[in-house]
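In: everything below, folded, please.
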Amino acid sequence: MAQITWLGHDSFRISNDKVIYIDPYQIKGGPPADLILVTHDHYDHLSVDDIKKIRKEDTVIVTTPAAAKKLAGPVRTVKPGDKLSVRGIDIEVVPAYNTNKKFHPKDYGGVGFIVTVDGERIYHAGDTDVIPEMKGLQVDIALLPVSGTYVMTAEEAVKAVEMIQPKQVIPMHYGSIVGSERDAERFQKLSPVPVRILKPER
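Out: Residues are numbered from 1 along each chain as shown. Just a heads-up that it's a prediction; the model follows:
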């Protein structure tokens, strides 16, 4: 089973025989990346300085066209609905957008990712509200934002869980820019499926 490490905010490292980072931001470094997934080009998700800390010569970055313009080297551009395999890792690209706020409009093209690692489907929702496309995603572990302001609140994230029905949820998008552990704890109390609150590795 892959190890999932929360690096704070929306940043995660997923490790087995490959090392995957998602939205590395304000990280101290770590094992070099085989694959880096970037959900959109906002500074707290696309951090060129943080990518430099973990990138090696053959690291592949998968991201949106807008974010790719700010990066050099091997970059694969994707849009919602795409499916691809990189370094033996299957990736599905899904929509991520706001429905009741203006920070991430649908036509902006932000994404979430479903990666399959050791047979487990892990969904990183990106910066999103509850959206109809979440229904029927068929994932084992969902990494969901819970802070409100730019993304869904803890209560809204519960609705997302009801639509997705994962086996386990890990809350994110709190503790750095907006939100606090209280949001994660509130979400944990309300969620109909088990919630694992991780301590950030700093």
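
In: beta partners for the most centrally placed residue in the chain?
Out: Closest residue to the average C-alpha location of the chain: residue 124 at 3.3 Å, with C-alpha atoms, centre = their mean. Residue 124 has these beta-bridge partners by DSSP bridges: residue 113, residue 143.

In: gap between residue 93 and residue 18?
Out: Going from residue 93 to residue 18 by C-beta to C-beta, to the nearest Å gives 18 Å. C-beta: built from backbone N, CA, C; applies to glycine.

In: who has more neighbours, those two?
Out: With neighbours defined as other C-beta atoms under 10 Å, residue 93 and residue 18 compare such that residue 93 has more, 22 against 16.

In: wait, doesn't the more buried one sit right on residue 110?
Out: No. Judged on C-beta atoms under 8 Å, residue 93 makes no contact with residue 110 at a distance of 10.6 Å.

In: what bridges to residue 95?
Out: In beta-bridge terms (that is, DSSP bridges), residue 95 pairs with residue 111.

In: do I have it right that it meets residue 113?
Out: No. Counting by C-beta under 8 Å, residue 95 does not reach residue 113; the two are 11.2 Å apart.

In: higher neighbour count, those two?
Out: residue 113 (24 against 19).

In: just checking, the more buried one touches residue 123?
Out: Yes. Here residue 113 reaches residue 123: they are 7.4 Å apart, a contact under C-beta under 8 Å.

In: who touches both of the two?
Out: When C-beta atoms under 8 Å, 6 or more residues apart in numbering defines a contact, the residues bordering residue 113 and residue 123 alike are residue 94.

In: which residue ranges form the strands in this protein?
Out: With DSSP state E, the ranges of strands along the chain come out as 3-6, 12-15, 19-22, 35-37, 60-63, 75-77, 83-86, 89-95, 111-117, 120-124, 141-145, 168-172.

In: and among those strands, the most buried is which?
Out: The highest mean neighbour count among those, using mean count of other C-beta atoms under 10 Å, belongs to strand 141-145: a mean of 27.

In: now do that strand against strand 111-117: the angle between them, please.
Out: Calculated by axes from the mean of the first three to the mean of the last three C-alpha atoms, to 10 degrees, strand 141-145 forms an angle of 150 degrees with strand 111-117.
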